[in-house]
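**Q** Quick one: sequence plus predicted model below, questions after.
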Amino acid sequence: VDGSVNKTDKSKLMHKLEERVKSSKPVSRDACAIDAMFLIRTLVNVPATFGEIAKLVLTRLLGFAKRVDFVCDSYKTPSIKDIEHGIRGSDATHTNFIISGPDQKRPKDFNASLKSANFKTALLHFLVKEWKRTSYIEQIRGYTLFVGLDDKA
């Protein structure tokens, strides 16, 4: 061990495991666990405001099943990603982001902003706060939504 960054390719393990398992698609879905950043990164035509983003993400979530677990990563610093960004000369990780409300415009390059741990953390906290508003009651009625964020669910 020389102290340099050593990353593993987790997908190789997944391919080996998939070779050993035979499976078929489920007939129905009662519950679904969704990786927060995976879902957010799949958004196309990202709306202009954070409030519209919150509505879109919630609509997508509730389309999976009647019970949805929205699982958010924690972004601790320093991390391997911080080191990689530092090597490339990016300082986005250290920029503080404040999302003040649903009418706030998102950054022009939303995907570039998702490279910042601070931005992702601010976005996830905004989504949870936004979905607690009474204006979402009717949309969420009939569903069970759990959000795992930081050390809380």
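**A** Yep, it's here.
**Q** Residue 74 reaches residue 125, doesn't it?
**A** No. In this structure, residue 74 is not within contact of residue 125 by CB atoms under 8 Å, at 11.8 Å. C-betas here are computed from N, CA, C, even on glycine.
**Q** pLDDT averaged over stretch 14-31 - what is it?
**A** Mean pLDDT, computed over stretch 14-31, is 88.
**Q** what about it, start to end distance?
**A** Using CA to CA, to the nearest Å, the end-to-end distance of stretch 14-31 comes out at 22 Å.
**Q** Give me the more crowded residue out of residue 74 and residue 125.
**A** residue 125 (14 against 11; other CB atoms under 10 Å).
**Q** Rank the helices and strands of this structure by mean pLDDT and give me the bottom one.
**A** helix 80-88 (a mean of 67; mean pLDDT, DSSP states H and E).
**Q** Would you mark the buried spots in the helix or strand hosting residue 60?
**A** Under the criterion of DSSP states H and E, residue 60 resides in helix 50-62. By 16 or more other CB atoms under 10 Å, the buried positions in helix 50-62 come out as 50, 51, 53, 54, 55, 57, 58, 61.
**Q** tell me the contacts of the fourth one?
**A** When you say that, I think you mean residue 54. When contacts are counted by CB atoms under 8 Å, 6 or more residues apart in numbering, residue 54 touches 102, 126, 127, 130, 131.
**Q** Can you report how many residues neighbour residue 104?
**A** If we define neighbours as other CB under 10 Å, then residue 104 has 13 of them.
**Q** separation between the closest residue to it other than its chain neighbours and residue 14?
**A** Excluding its sequence neighbours, the residue lying closest to residue 104 (CB to CB, 6 or more residues apart in numbering) is residue 50, at 5.2 Å. Going from residue 50 to residue 14 by CB to CB, to the nearest Å gives 33 Å.
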